[in-house]
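Asks: this is a predicted model, with the sequence first.
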Amino acid sequence: MPTKYCFLTTSAPSFLESELGGGGSPPDAFHYPDFAFSMRSSLVLLGLALGGCAATRYHYDPPAVPVPAAWKNMAPVDSLGRGRPELPVATTADTAARQLKQVPNLPTWWAVFNDTTLTRLEAQASALNFTTRAALARIDQARAQLRIADAQRSPVIALAPSAFHSQLSALRPVQSSIIPAVAVPQTQFYVPLNVSYELDLWGRLRRGAQAARATEQASEADEQAVRLSVSGDVGNTYFSLRGLDAELLVLDSARQARRYNVQLTNARFVAGVDNEIGVRRAQTELANV
């Protein structure tokens, strides 16, 4: 937001300096018409200077970015995370009224595989991953900053009652006829009520609340990105392990087949049907598996 700075300087009219003569003592008579004209001129200049301090309205128009019309796995979840019980929900009226049009349903994309092990691992990663917890903590921080920014635009009422009880000693050195030389108890009650309100003349509080709201929305988007990244990493790692398990099964099957081939070739060699070269070839194939 553009900011304008204004500097005001005031000086006494020249006729006052001439009338005072530099000695500091007031003159016998002032030229009141000249003084009134000078005051009016000063007020006009002050009004013009204050007009230059007015904040200009600046509306930010975000650039148009081509995006898909809808998410492939859209779900009715708002920007506050309602529908996801692990996210805290803000209670302020301003934040409760804001909603996103579409939010992707991240926690269920792996359900299409119908794999109970993958579902269990994804649930554990979503609940126990420290990166996701840090993103959730940043959302809490941004929402707290937003509540602070919204609270600064409201009146502040402070009530701090207090009571004091004291007693004058009968042996005090200073005596008077008004207060006799006896112990005099005193009880004082204070009920101060302070009310303060800052007028948002230059839009500082309003722009601060808008910035805090944008920071909150950015932290929510970051949390969505972190959650998607973590779930994607879990899925990639899981399917990589499943692929390695499948390769191990294939290797075990090949080893069993090569071992059976060695036994068969050895039996043929003992029976005189095959030569020793076939036995050695079968043993080499088994060793290479």
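Replies: Structure's in. What do you need?

Asks: now do the SS call for Phe164.
Replies: Following DSSP: H, G, I helix; E, B strand; the rest coil, we place Phe164 in the strand state.

Asks: test my guess that it contacts Pro185.
Replies: No - Phe164 sits out of contact with Pro185 when judged by CB atoms under 8 Å, with a separation of 11.4 Å. In short, each C-beta sits where N, CA and C put it, glycine included.

Asks: how about stretch 229-240: buried residues?
Replies: Going by neighbour count (16 or more other CB atoms under 10 Å), the buried part of stretch 229-240 is 230-231, 234-235, 238.

Asks: go on, stretch 205-214?
Replies: 205, 208-209, 212-213.

Asks: what comes into contact with the strand or helix carrying Ala125?
Replies: According to DSSP states H and E, Ala125 maps onto helix 116-128. Outside helix 116-128, the residues that touch it by CB atoms under 8 Å, 6 or more residues apart in numbering are 86, 107, 110-111, 132, 227, 230-231, 234-235, 238.

Asks: change it to 7 Å
Replies: 107, 110-111, 132, 227, 230-231, 234-235, 238 (CB atoms under 7 Å, 6 or more residues apart in numbering).

Asks: which element follows it toward the C-terminus?
Replies: Per DSSP H and E, the helix or strand that comes after helix 116-128 is helix 130-151.

Asks: listing partners with orientation, what would you give for the following helix or strand past that following helix?
Replies: Following helix 130-151 in sequence order, the next helix or strand is strand 156-159 (DSSP H and E). When pairing is defined by DSSP bridges, strand 156-159 lines up against strand 193-196 (antiparallel).

Asks: the partner strand - what's its average pLDDT?
Replies: Here strand 193-196 scores 88 as its mean pLDDT.

Asks: kindly report the same for stretch 282-289.
Replies: In this model, stretch 282-289 has an average pLDDT of 85.

Asks: per-domain residue ranges of this structure.
Replies: Here the domain assignment for the chain is 1-60, 74-156+199-244, 159-194, 249-288, based on automatic domain parsing.
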